[in-house]
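> I need the structure of the sequence given here:
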Amino acid sequence: MKAGVAVNIAVARAIRDSGLRLERAMAIHTVVSEEDGGLGAFATLRRGHTADAAVITEPTSGAIIAANAGSLTFRIDVAGRAAHGSTRMEGFSALEAFLPLHSALKELERERNAERDIRFGSNTLPYPISIGRVQAGDWPSSVPDLLIAEGRLGVRLDEHPDAARAEFEGAIRLASTADPWLRDHPPTVTWSGGQFASGRLDERDPLIEQMSSAIVDAEAGRQAEMRAAPYGSDLRLYLGIGGIPTLHYGPGDVRFAHAPREQVSLREVAAVAQSLALLVARRCGAHA
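Presented below is the predicted three-dimensional model:
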């Protein structure tokens, strides 16, 4: 997002330095806590900030993204029974207890991705279920009596988060009733951390065509592909709470985000800045 912030500042500076005047205001929002569910954007909207349109400069690899899946952060607590490692049969490992739950989540992931919106293109897993952190045991020579698994559940386009939570909890409950240990020691599921609903801008909204036209004119006739993204973002807040037509167009490839070598092409940064400057000039009525 450093590249996205740089683009936004460059657009504002270029318009200021050009001597053009805008009939309608342009604003830049740099907000915190997007990764935790969008608390910064939420607070900004609650304070009354509004607009006729918004572009979020998330990395889009040259595409226009007007729809997002959502994501929900979960925690599963799985009980075992402690024992000394030399007599492990006297206990029951929480790690082994978790294995049928992990298998159930893999099957749930397959079912939830059986049907996909065409805008996800070649992405065969737009609604992943990912275990990001696992903790078990407190001593190498002990049988662990507790395992904590934390991860994220993808929310389908137009799916209510409560429905996604209920399906997830149902899969955990069904797997538990089929397992002798888990039947008597049911795991608990809690929802903490980032919580994102999905979001979708109406395909007929003029902002999409205006963004497309700006890209064609500023980037040597390039036709931007329309896509949906598998991650949650502040798009659904600007749309749902603010009623602001919103899309994503920004430099970079999301596959590098949170990866060991985050990187963005400077050429792409410049191209996106040119397209957004043209969009702002047209939407905000720039004149000499």
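
> With just CA atoms, put stretch 106-113 into CSV.
Extracted C-alpha coordinates of stretch 106-113, given in CSV (Å, rounded to 0.1, in the frame of the first residue of the first chain):
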residue,chain,number,x,y,z
LYS,A,106,-10.6,-29.0,3.5
GLU,A,107,-13.9,-30.6,2.4
LEU,A,108,-15.9,-27.4,3.3
GLU,A,109,-13.4,-25.3,1.3
ARG,A,110,-14.0,-27.6,-1.7
GLU,A,111,-17.8,-27.3,-1.4
ARG,A,112,-17.7,-23.5,-1.0
ASN,A,113,-15.6,-23.1,-4.1
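
> can you list contacts of that stretch?
When contacts are defined by Cβ atoms under 8 Å, 6 or more residues apart in numbering, stretch 106-113 is touched by residues Thr124, Leu125, Pro126, Tyr127, Pro128, Ile129, Gly154, Arg156, Glu167, Phe168, Ala171. Using the backbone N, CA and C atoms, a C-beta is placed for each residue, glycine as well.

> Recalculate using a threshold of 7 Å.
With contacts defined as Cβ atoms under 7 Å, 6 or more residues apart in numbering, stretch 106-113 is touched by Leu125, Pro126, Tyr127, Pro128, Ile129, Arg156, Phe168, Ala171.

> tell me the domain boundaries of this structure?
The chain breaks down by automatic domain parsing into domains covering 2-68+202-287, 70-196.

> can you list those in a markdown table and add mean pLDDT and mean neighbour count?
Output for the domains of the chain, formatted as a markdown table (pLDDT from 0 to 100; neighbours: other Cβ atoms under 10 Å):
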| stretch | mean pLDDT | mean neighbour count |
| --- | --- | --- |
| domain 2-68+202-287 | 94 | 17 |
| domain 70-196 | 96 | 16 |
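
> And the helices in the stretch 151-288 of the chain?
With DSSP state H, counting those that start in this stretch as the criterion, the stretch 151-288 of the chain has helices at 161-177, 180-184, 206-218, 235-240, 266-283.

> can those helices go into JSON lines with extra columns for distance to Glu109?
Shown next, in JSON lines, are the helices of the stretch 151-288 of the chain (distance: least, Cβ to Cβ, whole Å):
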{"stretch": "helix 161-177", "distance to Glu109": "10"}
{"stretch": "helix 180-184", "distance to Glu109": "19"}
{"stretch": "helix 206-218", "distance to Glu109": "30"}
{"stretch": "helix 235-240", "distance to Glu109": "22"}
{"stretch": "helix 266-283", "distance to Glu109": "32"}
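
> closest to Pro251 out of these?
Pro251 lies closest to helix 266-283 among those, at 4.4 Å (Cβ to Cβ).

> just how off-centre is that closest one within its chain?
Between the centre of helix 266-283 and the centre of its chain there are 24 Å (Cα atoms, centre = their mean, to the nearest Å).

> Not counting its own residues, what contacts it?
Where contact means Cβ under 7 Å, 6+ apart, the residues beyond helix 266-283 that reach it are 3, 6-7, 10-11, 14-15, 20, 26, 53, 55, 210-211, 214-215, 217-219, 249-252.
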